[in-house]
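Q: next input, structure requested:
(one chain, ligands or ions: 1)
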Amino acid sequence: MIPALDIRGLTGGYSQRKPVLHEVTFSVRPGEMTGLIGLNGAGKSTTIKHILGLMLPHAGEVRVAGLRLDEDRDKYRASCAYVPEQPSLFPNMTVAEHLRWTAMAYGVEQAEAERRSAKLAGIFRMDKAMNNLPDTLSKGMKQKVMLMNALLVSPPLLIIDEPFLGLDPLATRALIGALEDAREQGCAILLSSHILPALERRANQLIVMHQGRLVASGTPDEVKAAAGGQPTLDDAFEALVAAAEEGASIG
Ligand SMILES: Nc1ncnc2c1ncn2[C@@H]1O[C@H](COP(=O)(O)OP(=O)(O)OP(=O)(O)O)[C@@H](O)[C@H]1O
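A: A predicted model of the protein is given here:
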C-alpha cells in the first residue's frame with residue numbers, strides 16, 4: 001500500500017546554513033491517524049511546511065500519495081488539505097460559498113459537494129450560519145468552517161494544526177466523529193497538537209520531535225514503553241524530552 005505521506009531523511013528549514021530539521025523519517029498510511037508532538041520550536045510547523053511544499057528539502061524527500069511535489073505539482077497539492085491553527089477565510093465569501101469554492105478547487109462534483117456540505121453543516125451545528133460572512137462568526141465558528149472545508153474534500157492526506165483548540169465540547173465531539181469517518185474512508189490524518197491525552201486515546205501512531213529530530217515514534221503504547229514504561233503520554237513525553245536534552249537514550 002502506498003503511504004499517504006512518506007518522509008525520508010528530511011533535512012530542511014529556513015536557511016541552508018542552519019537547518020531546523022535533521023533527517024526526519026516517518027510515514028502515515030491511509031486510514032491512519034498520526035499525532036505530531038514536540039515542544040514549542042521542535043519543528044512541527046516546519047515539517048508541515050515541507051509537506052505542503054511551501055519549503056523545499058535541503059536533503060531527503062517528501063512524498064504525498066506516492067508523489068513528490070516536483071513530479072506533479074497539481075496532483076500533489078490536490079492530495080492534501082491543511083487546516084492551520086489560525087483560521088484564514090475570504091472576507092467577502094459566505095460559509096456556503098467557501099465550501100462551494102473548495103469543492104470546485106478540489107474537483108468534488110457539485111451534487112456530491114452539496115450533500116457533503118449539508119451533512120457537515122448539521123454535524124457542526126452550522127446550518128443557520130451558512131449564509132454568514134466570516135466577520136459575523138465567532139472564533140470557534142471560523143475554525144469550524146476551516147475544518148468543514150477540509151473534511152468536504154477528504155483528500156488522501158489531511159493535516160490539522162491544534163484541531164481541538166477553540167472548539168466547544170459538542171464541536172470537539174463532532175470533529176472526532178468526522179475524523180473517524182474520514183479515516184474509515186481511507187483518509188490519512190496528521191494532527192499536530194500539544195493536547196497529549198487526546199492523541200493518546202485516538203492516534204494510531206505518534207511522532208515525537210525535539211530540536212528538529214525525531215526522538216520516538218510508534219503507537220502510544222510503544223512510545224510510553226520507549227520512554228521507560230511511563231504510565232501516560234504526558235509522562236512519556238517529559239521523559240523523552242529530558243533524555244534528548246541529556247543526549248541519552250532510555251527504555
Ligand atoms: N520564519 C522562520 N524563520 C526562521 N526560523 C524559523 C521561522 N519559523 C520558525 N523558525 C525556527 O524553526 C524552529 C522550529 O520552529 P517550528 O515553528 O517548526 O516549531 P513548532 O514545533 O511548530 O513549534 P510550536 O509548537 O511553537 O508551534 C524554531 O527554532 C524556530 O525558531
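Q: use CA for all of it now, contacts and neighbours both
A: Noted.
Q: Ile160 belongs to a strand?
A: Yes. Going by DSSP: H, G, I helix; E, B strand; the rest coil, the assignment for Ile160 places it inside a strand.
Q: burial measure for it, as a count.
A: Counted with other C-alpha atoms under 10 Å, the burial measure for Ile160 works out to 22 neighbours.
Q: okay, and the beta partners of it?
A: Val83, Leu191 (DSSP bridges).
Q: that one and the ligand, how far apart?
A: Applying C-alpha to the nearest ligand atom, to the nearest Å, the value for Ile160 to the ligand is 12 Å.
Q: export stretch 158-176 as PDB, just CAs?
A: Presented in PDB, the C-alpha positions along stretch 158-176 are these (Å, rounded to 0.1, in the frame of the first residue of the first chain):
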ATOM      1  CA  LEU A 158      -5.500  15.700   6.000                       C
ATOM      2  CA  ILE A 159      -3.200  17.800   8.200                       C
ATOM      3  CA  ILE A 160      -4.700  19.700  11.100                       C
ATOM      4  CA  ASP A 161      -2.800  22.000  13.400                       C
ATOM      5  CA  GLU A 162      -4.200  22.000  17.000                       C
ATOM      6  CA  PRO A 163      -7.500  20.500  16.000                       C
ATOM      7  CA  PHE A 164      -9.300  20.900  19.300                       C
ATOM      8  CA  LEU A 165      -8.300  24.400  20.300                       C
ATOM      9  CA  GLY A 166     -11.200  26.800  20.500                       C
ATOM     10  CA  LEU A 167     -13.900  24.300  19.800                       C
ATOM     11  CA  ASP A 168     -16.900  23.800  22.200                       C
ATOM     12  CA  PRO A 169     -17.500  20.300  23.600                       C
ATOM     13  CA  LEU A 170     -20.100  19.400  21.100                       C
ATOM     14  CA  ALA A 171     -17.900  20.600  18.200                       C
ATOM     15  CA  THR A 172     -15.000  18.600  19.600                       C
ATOM     16  CA  ARG A 173     -17.200  15.500  19.600                       C
ATOM     17  CA  ALA A 174     -18.400  16.300  16.100                       C
ATOM     18  CA  LEU A 175     -14.800  16.700  14.900                       C
ATOM     19  CA  ILE A 176     -13.700  13.400  16.400                       C
END
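Q: and Val1, what pLDDT?
A: Rather than Val, residue 1 is Met. The predicted structure scores Met1 at 86 on the pLDDT scale.
Q: just Asp168 next, same as before
A: Predicted confidence (pLDDT) at Asp168: the value is 92.
Q: any chance of the backbone angles for it?
A: Asp168 adopts backbone torsions of phi -70, psi 170, taken as degrees, to the nearest 10.
Q: ok, now which ones touch it?
A: In this structure, Asp168 makes contact with Gly140, judged by C-alpha atoms under 8 Å, 6 or more residues apart in numbering.
Q: which residues does the closest residue to Val28 other than its chain neighbours bridge with?
A: The shortest distance from Val28 to any residue that is not its chain neighbour, by C-alpha to C-alpha, 6 or more residues apart in numbering, is 5.1 Å, and that residue is Leu5. For Leu5, the residues forming beta bridges with it (DSSP bridges) are Val28, Val64.
Q: who's in contact with the residue nearest to Leu147 when sequence neighbours are not counted?
A: Using C-alpha to C-alpha, 6+ apart and skipping residues adjacent in sequence, the residue nearest Leu147 is Val83, 6.4 Å away. By C-alpha under 8 Å, 6+ apart, the contact set of Val83 is Met146, Leu147, Ala150, Ile159, Ile160, Asp161.
Q: you'd agree the third one is up against Ala81?
A: Yes. The pair Ala150 / Ala81 is scored as a contact, 5.7 Å apart, by C-alpha atoms under 8 Å.
Q: what sits in contact with each of these two?
A: Here Ala150 and Ala81 share the contacting residues Leu158, scored by C-alpha under 8 Å, 6+ apart.
Q: burial measure for Val20, as a count.
A: Neighbours of Val20 (other C-alpha under 10 Å): 19.
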